[in-house]
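>>> any chance you could fold what I've pasted below:
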Amino acid sequence: EDVPSQTFDNKDYFCGKETFPVYESIFTEEGETIRKIAIEIEKPPQIEIHVWTIRKGILRHFYVEKLSKREFEGLPYFKMITRTTLSQWKIFSEGEAQISQMCESRVCRTELEDLVKVLYLEKSEKGHC
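From the prediction side, this is the model:
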């Protein structure tokens with residue numbers, strides 16, 4: 001018997017909260033790593049991309065850009081990594097602001113990795129929401 005696979009086309013809900021697709025793109029050029037984390041939001045319909053430039057483990061530059069879905073579809077390298085709720089995205093964004101200040105002068109590899117993990121939702125068992 002086939003087990004229904006999870007499709008990302010359908011609207012997924014997590015404990016009654018709507019979830020949104022999160023994408024990631026990582027590439028290295030001239031000794032710098034450019035890591036982009038993007039979320040697709042429906043209202044207004046746009047993609048919010050958080051861009052980190054990391055050199056030797058130190059966060060050198062951080063900014064946010066907003067694109068239309070059409071502009072985003074034309075970008076290479078992005079792959080979907082998870083779905084998240086808006087409340088988790090808010091935690092991610094607030095943590096990102098703290099890390100961007102904290103990591104201007106020291107290596108922050110683990111802090112950045114831990115921050116991305118915030119976006120992954122734990123699958124809860126029924127009744128544990």
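
>>> C-alpha from now on. contacts and neighbour counts both.
Will do.

>>> pull the distance from whatever helix or strand Thr19 lives in to the chain's centre.
Using DSSP states H and E, Thr19 falls within strand 17-29. Put simply, strand 17-29 sits 4 Å off its chain's centre (Cα atoms, centre = their mean, to the nearest Å).

>>> can you show me the CA trace of the helix or strand that it is followed by as CSV?
Counting by DSSP H and E, the next helix or strand C-terminal to strand 17-29 is strand 32-41. The C-alpha coordinates for strand 32-41 follow below in CSV (Å, rounded to 0.1, in the frame of the first residue of the first chain):
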residue,chain,number,x,y,z
GLU,A,32,33.4,34.4,0.9
THR,A,33,30.4,32.3,1.6
ILE,A,34,27.1,33.8,0.6
ARG,A,35,24.2,32.1,2.4
LYS,A,36,20.6,33.1,1.6
ILE,A,37,17.6,32.1,3.5
ALA,A,38,14.2,32.9,1.9
ILE,A,39,10.6,32.6,2.9
GLU,A,40,7.6,32.8,0.6
ILE,A,41,4.8,34.9,2.1
